[in-house]
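With the sequence up front, the predicted model follows.
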Amino acid sequence: MKSTRTPVFSCRDLKVSIEGKEIVKGVDLEVYAGEKHALMGPNGSGKSTLASALMGHPSYEVSGEISLRGERVDGLEPDQRARLGMFLGFQYPVAVPGVSVASFLRAALTARRGQDIPVREFRKEMDAAFAELDVSKDFVSRYLNEGFSGGEKKRLEILQMLMLKPAFALLDETDSGLDIDALKVVSEGINKAVGPDQAVLLVTHYQRILDYVKPDVVHVFMDGRIVRSGGFELAGELEAKGYDWLQPEAAAAGLGGAA
């Protein structure tokens, strides 16, 4: 039973405020090894704020507990959380002119493992990851995300995840702006990256990526809280009905509906 296991990731009574306004209003969550969770909710509900806060966004006021493999990380800086095995895939990955994709990946992998990686070993690992995600080797010498299409940026995010092998990955609306072909490639990458010792929380508005990723658990996020959790079928209900049908349930819990 789950109660006898230690989750890969957990948070307890997590609250997040920005400039004095409370956005996330008390979230409890446990994600176990090998699991894929989806967090779905309307615009303005606080999903992206939650993801950024879990990774340690410096502009947010955060209270509550955040743990990775049973160890508290809520007092750590974002880079420290990343070294321990947390990963955040951005909704809008930024360009870094002057830094090549290869240089970035090697620096990230070195930081993650805590030791320098020989060039030949790194190249072998990088080539394997590029081949697995069908990413052109031309990317290697290009500057990070500069001039990349939305689909190329998202593929590179998943390629990072595949190489870094995080214990827990937060993917913030990875499906945003993807055409169907890119969506399939990115989804396949997510499935490959989640092994028996890893877990993922996928933040999304829509069911379409979930048709390929197939989450074990779906959470509905409204007005800064998880108002319902269920299996994959819950995503289908949301696709068919929208979020309004859960407004009475949210109101009954004292949440007041979606923002």
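Alright, I've got the coordinates.

Can you report how many residues lie near residue 138?
For residue 138, the neighbour count with other C-beta atoms under 10 Å is 9. All C-beta spots, glycine's among them, are computed from the backbone N, C-alpha and C.

That one - that's part of a helix, no?
Yes: under DSSP: H, G, I helix; E, B strand; the rest coil, residue 138 falls within a helix.

Low-confidence regions, the stretch 151-259 of the chain specifically.
Scanning the stretch 151-259 of the chain for pLDDT under 70 picks out 250-259.

in it, which spans are strands?
168-172, 199-204, 217-222, 225-230 (DSSP state E, counting those that start in this stretch).

a markdown table for the ones you listed, including mean neighbour count and distance to residue 26?
Shown next, in a markdown table, are the strands of the stretch 151-259 of the chain (neighbours: other C-beta atoms under 10 Å; distance: least, C-beta to C-beta, whole Å):
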| stretch | mean neighbour count | distance to residue 26 |
| --- | --- | --- |
| strand 168-172 | 25 | 19 |
| strand 199-204 | 24 | 17 |
| strand 217-222 | 23 | 12 |
| strand 225-230 | 18 | 6 |
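
Can you say which of the ones you listed is nearest to residue 16?
Closest to residue 16 of those is strand 225-230 (C-beta to C-beta; 11.4 Å).

which residues are in contact with that closest one?
Strand 225-230 is contacted from outside by 24-29, 39, 217-221, 234, 246, 249-250, 253, 255, using C-beta atoms under 8 Å, 6 or more residues apart in numbering.

Buried ones from those, can you make that a ChimeraX selection?
The ChimeraX command for the buried members of the contacts of strand 225-230 (criterion: 16 or more other C-beta atoms under 10 Å) is given here:
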select :24,25,26,27,29,39,217,218,219,220,221,234,246,250,255
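
Export the strands of the stretch 151-259 of the chain as TSV, with columns for distance to residue 70.
Formatted as TSV, the strands of the stretch 151-259 of the chain follow (distance: least, C-beta to C-beta, whole Å):
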stretch	distance to residue 70
strand 168-172	12
strand 199-204	13
strand 217-222	20
strand 225-230	21
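
how about residue 215, what does it touch?
By C-beta under 8 Å, 6+ apart, the contact set of residue 215 is 36, 37, 38, 202, 232, 235.

so of these, which ones are in helices?
residue 235 (DSSP state H).

Format the contacts of residue 215 as CSV; extra columns: distance to residue 122.
Below are the contacts of residue 215 laid out as CSV (distance: C-beta to C-beta, whole Å):
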residue, distance to residue 122
36, 28
37, 31
38, 33
202, 28
232, 37
235, 38
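
Can you tell me which of the contacts of residue 215 are buried?
By neighbour count, with 16+ other C-beta under 10 Å, those hold 36, 37, 38, 202, 232, 235 as buried.

quick check, nearest of these to residue 121?
residue 36 (29.4 Å).

Please verify my assumption that the closest one contacts residue 213.
Yes: counting by C-beta atoms under 8 Å, residue 213 is a contact partner of residue 36 at 6.0 Å.

Spit out the contact partners of residue 184.
Shown in contact with residue 184 (C-beta under 8 Å, 6+ apart): residue 212.

For residue 133, see how far away it is.
For residue 184, the distance to residue 133 (C-beta to C-beta, to the nearest Å) stands at 11 Å.

ok, now residue 93?
Residue 93 sits 15 Å away from residue 133, going by C-beta to C-beta.

do residue 108 as well
For residue 108 relative to residue 133 (C-beta to C-beta), the value is 16 Å.

just residue 117 next, same as before
On the measure of C-beta to C-beta, residue 117 and residue 133 end up 20 Å apart.

What ranges does the stretch 51-200 of the chain have for its helices?
Along the stretch 51-200 of the chain, the stretches classed as helices by DSSP state H, counting those that start in this stretch are 78-84, 101-113, 119-132, 150-164, 180-193.

any chance of the ones you listed in CSV, with distance to residue 240 too?
Output for the helices of the stretch 51-200 of the chain, formatted as CSV (distance: least, C-beta to C-beta, whole Å):
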stretch, distance to residue 240
helix 78-84, 37
helix 101-113, 40
helix 119-132, 34
helix 150-164, 26
helix 180-193, 20
